[in-house]
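Asks: here are the coordinates; sequence isn't available:
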Ligand code: CA
Ligand code: ZN
């Protein structure tokens, strides 16, 4: 199995990037990721000010996927996310939803053992996920802190073990990169961090030719979710809703108005994160109403 080590990182997703490794469709490979602080925050007495912010949010890659071309879909199955024995979570003045109330920074080193983390004596089952994962954008450059149509810092709790992502391929080879894994994160990520960890991620990729999507999708056992981001929550909700209603209309062969009502009955809009440079939500389509494969076939 190919291993892409954590020393090969990017800090922005660009339309032209030099790949560090090549993989084939259906190949299973391992990606070693750094935590979002690039391993700089290891003790609770460290002050946030002494960290080098320019190293934040490293994404391992880019990885060239053979046969992927603009106008295709890249399918990324997350087979496993192996977590270390501890991680870190922080709050910092001005950061997060309640940032105006934070008078001092607080760093918590949190132990992880037997599938749970221990926070102040409270045992919480972990749910490992990938915070930053994306491909080369159509044009321009997006720093790895920002989520957009190419993916990036989507901080979506459903991007976890067993899930499958679908990205629009914008450049030859797709150029996949990922990092910023969390052992645990709640919807919203309101204090601005999850349980931040370095991780070993096992992936399997595939290419679906000639199918285009506007925003990334994540497929779980029971749902297909459109992950959309915007400068405001309203913009993100609009984009996710718009895409979901289009999928329902096309996939179920009904009028746009019929699909719009169906979405109002059966498609949940959930908050992914409220703390990154753009905000992220997902529109959650139950697979018992419309299968992921049916959505893709109808594109
Ligand atoms: Ca993040
Ligand atoms: Zn993170």
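Replies: In hand now; what should we look at? Owing to the predicted nature of the structure, the values given are computational and were not obtained by experimental measurement. Numbering: from 1, shown residues only. Ligands and ions are numbered 1, 2, ... in the order given.

Asks: host element of the closest residue to ligand 1 within the stretch 51-200 of the chain?
Replies: Sorted by distance to ligand 1 under C-beta to the ion, the residues of the stretch 51-200 of the chain start with residue 131, at 3.5 Å. Every residue, glycine included, has its C-beta placed from N, CA and C. Here residue 131 sits within strand 129-134, counting by DSSP states H and E.

Asks: Mind naming the longest helix for the protein?
Replies: helix 233-251 (DSSP state H).

Asks: residues in contact with that one?
Replies: 213-215, 224, 226-230, 254-256, 258-260, 262-263, 267, 269, 271, 274, 278-283, 285, 289-290, 294-295, 297-299 (C-beta atoms under 8 Å, 6 or more residues apart in numbering).

Asks: what does stretch 261-271 contact?
Replies: In contact with stretch 261-271 (C-beta under 8 Å, 6+ apart) are residues 187-188, 225, 233, 237, 240-241, 244-245, 248, 252, 254, 280-286, 289.

Asks: One more pass at 6 Å, please.
Replies: 187-188, 237, 244-245, 248, 281-286, 289 (C-beta atoms under 6 Å, 6 or more residues apart in numbering).

Asks: Check stretch 204-222 too.
Replies: 25-26, 28, 65, 67-68, 71-73, 75-77, 79, 149, 151, 158-159, 163-168, 224-228, 243, 287, 292, 296, 299.

Asks: Please apply the same query to stretch 60-74.
Replies: Contacts for stretch 60-74 (C-beta under 6 Å, 6+ apart): 4, 6, 9, 17, 19, 21-25, 31, 33, 166-167, 169-170, 172-177, 179, 205, 207-209, 211-212.

Asks: ok, so what distance separates residue 59 from ligand 2?
Replies: 11 Å (C-beta to the ion, to the nearest Å).

Asks: cool, residue 9 as well?
Replies: 14 Å.

Asks: and if you look at residue 135?
Replies: 19 Å.

Asks: who are the neighbours in contact with that residue?
Replies: 150, 167, 174-176.

Asks: again, but for residue 151
Replies: Taking C-beta under 6 Å, 6+ apart, one finds 133-134, 167, 216 in contact with residue 151.

Asks: What residues does the stretch 1-150 of the chain have near ligand 2?
Replies: 36, 131 (C-beta under 5 Å from the ion).

Asks: what stretches of the stretch 1-150 of the chain score poorly on pLDDT?
Replies: For the stretch 1-150 of the chain, no stretch has pLDDT under 70.

Asks: same thing but 80
Replies: 47-49 (pLDDT under 80).

Asks: where do the strands sit along it?
Replies: Along the stretch 1-150 of the chain, counting by DSSP state E, counting those that start in this stretch, strands occupy 2-4, 9-10, 12-14, 21-23, 28-33, 59-65, 73-82, 86-91, 106-113, 116-119, 122-125, 129-134, 141-143, 147-148.

Asks: Dump those strands into a markdown table; add distance to residue 99 and mean neighbour count as well.
Replies: Putting the strands of the stretch 1-150 of the chain into a markdown table (distance: least, C-beta to C-beta, whole Å; neighbours: other C-beta atoms under 10 Å) gives the following:
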| stretch | distance to residue 99 | mean neighbour count |
| --- | --- | --- |
| strand 2-4 | 35 | 16 |
| strand 9-10 | 27 | 22 |
| strand 12-14 | 24 | 21 |
| strand 21-23 | 38 | 16 |
| strand 28-33 | 26 | 20 |
| strand 59-65 | 25 | 25 |
| strand 73-82 | 29 | 20 |
| strand 86-91 | 8 | 21 |
| strand 106-113 | 13 | 15 |
| strand 116-119 | 21 | 16 |
| strand 122-125 | 24 | 11 |
| strand 129-134 | 19 | 29 |
| strand 141-143 | 20 | 16 |
| strand 147-148 | 19 | 26 |
